[in-house]
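*Asks:* need coordinates for the following:
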Amino acid sequence: MEKLFFFLYSFLSFSLYVIALPFLALFSFKTKYKDSLPARFFLWNNKPLKPHGIWFHSCSFGEAKAIKSLVDALPQESLRMSTTTHTGFKVIRDYTKESRYLPFEPLLFGWLKPQKALVVMEAEFWYLLFALAQSRGAKTLLINARMSDRSFPKYEKIGWLYRQIFKHIDEVYAQTAKDKERLESLGAQNVVVTGNIKLAHLPAVAKEVKKPSSLVLCGASTHDGEEALILNAFATFKKEHPEAVLLLVPRHPERFDKVAKMMEYFADEYHCTTQRYSQNEVLSSDIVLVDTLGELVNMYAISDIVILGGAFEPIGGHNAAEAAQFGCKIISGKHYFNQKDIFDAIEGIAVVEASNLSRRLLQHGLLKPTVIKSKSDITVITESLKSVL
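*Replies:* Coordinates of the predicted model:
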């Protein structure tokens with residue numbers, strides 16, 4: 001039965017790949033995908049990783065950052081990295097030259113070389129990735145695994161697929177006991193609760209930014225629809241605190257220009273000054289668009305109040321611990337379902353409806369500085385990886 005599933009899955013994924021080729025070729029010309037799509041679907045400048053290493057696969061910028069504590073615990077020459085996103089690639093290439101975009105599954109047959117271990121972050125459930133890596137000698141680990149209240153029913157509906165995937169995963173490291181229970185119901189074995197590894201290593205300040213003398217607000221990791229909400233709340237706040245400064249940090253670089261135009265319209269209406277951080281690093285305007293990757297933690301370090309994006313729209317939230325390590329007052333929307341365990345580990349986060357953001361911001365004196373109550377222990381993961389070196 002297992003061999004039949006392997007054959008059928010491989011055949012279907014290859015068929016899907018062939019059907020999608022014309023569309024993939026077209027999308028490859030878009031600026032957003034000009035590096036990732038040719039590498040992932042056409043193996044353009046994407047040679048196989050060197051064999052016999054510890055191979056980490058992480059999807060997003062945040063996931064790639066989160067594995068740093070594990071990366072630092074291993075010999076540099078053993079590191080192999082892959083990702084599926086442009087922002088993730090910018091992070092992993094700093095860990096090792098052996099960094100690649102992960103090819104689409106059917107291409108793994110010829111691309112994937114034997115490794116000592118494969119370590120996959122969170123929810124990258126690629127059947128052929130695990131099956132082929134394991135069959136070629138790798139110890140397979142799923143780390144920081146989670147099953148949110150929102151996503152678990154969807155996983156259950158196709159539980160037959162995940163039971164096949166988990167047959168090829170040797171060890172699973174879950175964020176919470178609830179995640180462990182849900183993962184085991186889908187066939188996961190050898191599940192250990194370690195907490196969220198994003199709490200094991202929090203990014204440090206890379207450079208010191210001079211803090212304005214006034215109150216500093218930071219609209220952090222924002223998505224479409226959230227910048228307008230924050231700007232409107234800031235307009236109300238500015239009436240009572242005319243010297244206040246807003247730092248606006250969109251989550252995705254491709255939206256920088258769109259947000260810049262939005263800020264210009266806002267500035268004309270409310271007679272504010274604006275600037276782009278990439279053009280002037282001295283924070284001298286009412287509103288600053290932080291349009292340079294890797295600066296968010298530097299901005300947290302000088303912020304009094306953080307309005308954390310990704311949760312005022314149903315995105316799932318972002319890592320509040322990065323701001324909480326500085327004791328910032330944090331306001332979040334209610335849609336933080338992908339970050340529930342991190343929010344539970346932090347004391348003082350104010351969760352509000354989007355419609356109440358302005359009012360809560362005006363009551364900032366009642367907000368408490370945030371405190372991280374607990375962290376995670378990744379020792380068991382590092383010991384497992386060191387055992388195969």
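
*Asks:* how far away is A66 from M121?
*Replies:* 7 Å (Cβ to Cβ, to the nearest Å). Heads up, the C-betas are built off the backbone N, CA and C, glycines and all.

*Asks:* shared neighbours, those two?
*Replies:* Residues touching both A66 and M121 (Cβ atoms under 8 Å, 6 or more residues apart in numbering): 58, 144.

*Asks:* show me this protein divided up by domain.
*Replies:* Residue ranges for the domains of the chain, per automatic domain parsing: 2-193, 216-372.

*Asks:* chain center to the last one, what's the gap?
*Replies:* What it means is domain 216-372. Relative to the mean C-alpha coordinate of its chain, domain 216-372 is positioned 17 Å out (Cα atoms, centre = their mean, to the nearest Å).

*Asks:* from one end of that domain to the other, what's the distance?
*Replies:* 21 Å (Cα to Cα, to the nearest Å).

*Asks:* please apply the same query to the first one.
*Replies:* The stretch domain 2-193 measures 28 Å between its terminal residues, going by Cα to Cα.

*Asks:* what about L229, distance to G195?
*Replies:* Look at L229 and G195: by Cβ to Cβ, they are 32 Å apart.

*Asks:* could you give me the buried positions within stretch 312-321?
*Replies:* Using 16 or more other Cβ atoms under 10 Å as the test for burial, stretch 312-321 gives 312-313, 315-321.

*Asks:* what mean pLDDT does the top helix by length along the chain get?
*Replies:* Taking DSSP state H as the criterion, the chain has its longest helix at helix 2-27. The predicted model assigns helix 2-27 a mean pLDDT of 92.

*Asks:* I'd like the next helix or strand past it.
*Replies:* helix 36-42 (DSSP states H and E).

*Asks:* by contact count, what packs against that following helix?
*Replies:* helix 2-27, strand 99-101 (3 or more Cβ pairs under 8 Å, 6 or more residues apart in numbering; DSSP states H and E).

*Asks:* to the chain's geometric centre, what's the distance from it?
*Replies:* Centroid separation for helix 36-42 versus its chain: 21 Å, with Cα atoms, centre = their mean.

*Asks:* need the next SSE after that helix, C-terminal direction.
*Replies:* Counting by DSSP H and E, the next helix or strand C-terminal to helix 36-42 is strand 54-57.

*Asks:* so which strand or helix has V259?
*Replies:* Element membership for V259 (DSSP H and E) is helix 256-270.

*Asks:* against which helices or strands is the helix or strand following that helix packed?
*Replies:* Counting by DSSP H and E, the element after helix 256-270 in chain order, helix or strand, is strand 274-276. In terms of contacts (3+ Cβ pairs under 8 Å, 6+ apart), strand 274-276 is packed against helix 256-270, strand 287-289.

*Asks:* just put the buried residues of stretch 312-321 in TSV and tack on distance to T273.
*Replies:* TSV is the format used below for these (distance: Cβ to Cβ, whole Å):
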residue	distance to T273
F312	25
E313	28
I315	30
G316	34
G317	31
H318	28
N319	31
A320	29
A321	32
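
*Asks:* ok, the residue nearest to V205 when sequence neighbours are not counted - contacts?
*Replies:* With sequence-adjacent residues excluded and distances taken as Cβ to Cβ, 6 or more residues apart in numbering, V205 is closest to A301, at 4.9 Å. When contacts are counted by Cβ under 8 Å, 6+ apart, A301 is found next to 205, 208-209, 326.
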